[in-house]
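Undergrad: Return a 3D structure for these sequence lines:
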Amino acid sequence: MTIAPRYAVPLAVVALTAACWFTPSWRWALWLMVPVLLLTLWDFVQGRHALRRNYPLIARVRWLFEDLRPYLRAYIVEGDREGRPFTVEERSLVYARAKGEIDSHPMGTELDVYSDEYEWLGHSIAPNEKAPKDWRVKIGGRECSKPYESALLNISAMSFGSLSANAIEALNKGAAMGGFAHDTGEGSISPYHRTYGGDLIWELGSGYFGCRHQDGTFDPDLFAEQAQSDQVKMVEIKLSQGAKPGHGGVLPGPKVTKEIAETRKVEAGKDCLSPAAHSAFSTPIELLEWIVQLRELSGGKPAGMKLCVGQPHEVMAIVKAMIETGITPDFIVVDGAEGGTGAAPQELTDNVGMPLREGLMLVRNALVGANLKDRVRIGASGKVHSGAGMARAFALGADWCNAARAFMFSLGCVQSMKCHTGECPTGVATQSFWRQRGLVVEDKAERVARFQKETLKALREIVVSMGYDSPWDLNQHDMYQRIDSAKAGPLDEVYRFLKPGELLADPDSTPYVRAWKVARADTFRRVF
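TA: Residues are numbered from 1 along each chain as shown. As a prediction, the model looks like this:
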């Protein structure tokens, strides 16, 4: 007689339990076998999972390996250039710089230099060793009375609530130690942002957290109260972000603690809504007028916007609004679709939004083509983690860079992919007290500051090797990539880079003619 697999395990467990009971020296094992027997019998009779019903107890091994799979891959299976979203090699570079360890590499590049994974920056026969040791970028147009001298690498937007209190304190202390800025994220300015006094960029999302009326609309008085603090250096309107562009969010009521509620000016224990669209404006002109208001309410500080580019005509509409009104933002931060977040719908993360390279070039071309680039600084954000990545962004038109996940790695993040569960093992992306207690603020702050310093040092080494005085000297002619398997060339042979005023003088000759023609300053919609 053949015993079906679904009966084999329960019968074996029963037989083993009986053997343990009647063998005195093995009775101690009964305490182990009885729970196993009960679990097996439960699997045998339950009706929700077919595998557990057909293969009691054994089917649970599958769950075990599913849970262990990411860790086994990360620590045993993956090669140095594998792993998503950041490879082992990319993470290791950040860890080494944050810890002050050797970040050099032996035996030459592991890239296939004849494939499209290799792109390069053109060095000079005459390197410029006299290049300055440090650079700052002045952000603030002619209407700005308190411009900000920004570092070239700052901490990108990450909110308290998404990150732990210890993580926020370590980031801000690191920023204070290194003389760079810390973006608050749309969760507003928490007490932990203020502990060490590091420079802040206050990000305003569609929920207007920290400066909202009870109905969720913008409260100018609350905004002015916080924005005029000496610690706040710039104000950034979040139009969209790379990981979930055009999507709002909800922080469920159980996660809205008293502390988070006080920071965001919402009710504790109730769902905290961040709408998909802003209520403070509905047209490009209104957006610019709101920027003027924020600049005035903050006491003359730089005010700008952050967006992941989606519809090119919307960027052109904002540019046309600048031309019609004479109002310009002090800066625009371009976030790439490769940017990260604690939680986002998979469909949006994988399928919506323009990557940083294309988005950065489009914004650069729109401003240059309309003769506005000298009035608006451009920031670049989206998987920036190295000096080489920064150099590429500068070559495409950026004036400075922001990084988020790279600074998380400097705090000790191991890319466990648990950000959305609250179970971050390193205490970075969690509100669990016992998990975040492992993150020692004083130690991690030093790593944050060291990573930023060493990354800028790497950027300078590239600038020196290219024979330039500053990273702003880099342009599209200096960056090369594969065009096909038989040809490589500078970036301007692959993409079109507009000349100053070209969009105004002859839009029909540009790749943006269709977007330019359907864009209007009084609406974000296409007008045919």
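Undergrad: ranges for the helices of the stretch 401-528 of the chain?
TA: Counting by DSSP state H, counting those that start in this stretch, the stretch 401-528 of the chain has helices at residues 405-411, 433-436, 441-465, 502-505, 513-518.
Undergrad: And for the stretch 151-300 of the chain?
TA: 165-178, 191-194, 220-227, 258-264, 284-297.
Undergrad: and what of the stretch 1-150 of the chain?
TA: Counting by DSSP H, counting those that start in this stretch, the helices of the stretch 1-150 of the chain are 5-22, 30-45, 50-54, 59-72, 88-99.
Undergrad: for the residue nearest the centre of the chain, what are its contacts?
TA: In the chain, the residue lying closest to the centroid (Cα atoms, centre = their mean) is Gly340, at 3.8 Å. Taking Cβ atoms under 8 Å, 6 or more residues apart in numbering, we find Gly340 in contact with Pro85, Gly242, Ala243, Lys383, Ala404, Arg405. All C-beta spots, glycine's among them, are computed from the backbone N, C-alpha and C.
Undergrad: Any idea which helix or strand in this structure has the lowest mean pLDDT?
TA: helix 5-22 (a mean of 58; mean pLDDT, DSSP states H and E).
Undergrad: tell me which element the residue nearest to the centre of the chain is part of?
TA: Following DSSP states H and E, one finds Gly340 outside all helices and strands.
Undergrad: For the helices of the stretch 151-300 of the chain, give me TSV that also has mean pLDDT.
TA: Output for the helices of the stretch 151-300 of the chain, formatted as TSV (pLDDT from 0 to 100):
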stretch	mean pLDDT
helix 165-178	97
helix 191-194	97
helix 220-227	97
helix 258-264	91
helix 284-297	98
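Undergrad: hey, which of those is tucked in deepest?
TA: helix 165-178 (a mean of 25; mean count of other Cβ atoms under 10 Å).
Undergrad: So which residues make contact with that helix?
TA: In contact with helix 165-178 (Cβ under 8 Å, 6+ apart) are residues 151, 154-155, 158, 160, 163, 181-182, 190, 192-193, 195-200, 259, 407-408, 410-411, 427-429, 436-437, 439-442, 444-449, 452-453.
Undergrad: Bridged to Ser381, which residues?
TA: Asp335, Asn402 (DSSP bridges).
Undergrad: tell me the pLDDT at it?
TA: Ser381 carries a pLDDT score of 96 in this model.
Undergrad: re the thing from before, relative to Glu169, how far out is the residue nearest to the centre of the chain?
TA: In this structure, Gly340 and Glu169 are 21 Å apart, going by Cβ to Cβ, to the nearest Å.
Undergrad: Next up, the contacts around Gly185.
TA: Gly185 neighbours (Cβ under 8 Å, 6+ apart): Ala157, Met158, Ser159, Phe160, Ser162, Leu163, Glu203.
Undergrad: ok, how many other residues are close to the fifth one?
TA: Same thing as Ser162. 22 (other Cβ atoms under 10 Å).
Undergrad: That one against Ala429, yeah?
TA: Yes. Taking contacts as Cβ atoms under 8 Å, Ser162 lies within contact range of Ala429: 6.2 Å.
Undergrad: Could you identify which of the helices of the stretch 401-528 of the chain has the lowest mean pLDDT?
TA: When I compare these, helix 433-436 is least confident, with a mean of 88.
Undergrad: CA atoms of that one as PDB?
TA: Provided in PDB are the C-alpha atoms of helix 433-436 (Å, rounded to 0.1, in the frame of the first residue of the first chain):
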ATOM      1  CA  PHE A 433      12.800  52.000  19.800                       C
ATOM      2  CA  TRP A 434      14.800  48.800  20.400                       C
ATOM      3  CA  ARG A 435      15.800  48.700  16.700                       C
ATOM      4  CA  GLN A 436      16.900  52.300  16.500                       C
END
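Undergrad: ok, and the closest non-adjacent residue to Asp478?
TA: Sequence neighbours aside, Gly122 is the residue nearest to Asp478 in space, at 5.0 Å (criterion: Cβ to Cβ, 6 or more residues apart in numbering).
Undergrad: same check, this time on Val513
TA: Using Cβ to Cβ, 6+ apart, the nearest residue to Val513 is Pro507, at 5.2 Å.
Undergrad: cool, Gln293 as well?
TA: Gln293 sits nearest to Pro220 (Cβ to Cβ, 6+ apart), 7.1 Å away.
Undergrad: Now do the one you found against Leu204, distance only.
TA: Distance from Pro220 to Leu204, by Cβ to Cβ: 12 Å.
Undergrad: which neighbours do those two share?
TA: By Cβ under 8 Å, 6+ apart, the residues touching both Pro220 and Leu204 are Cys211.
Undergrad: picking up where we left off before, the residue nearest to Gln293 and Arg212: what is the separation?
TA: 11 Å.
Undergrad: again with Ala449
TA: In terms of Cβ to Cβ, Ala449 sits 33 Å off from Arg212.
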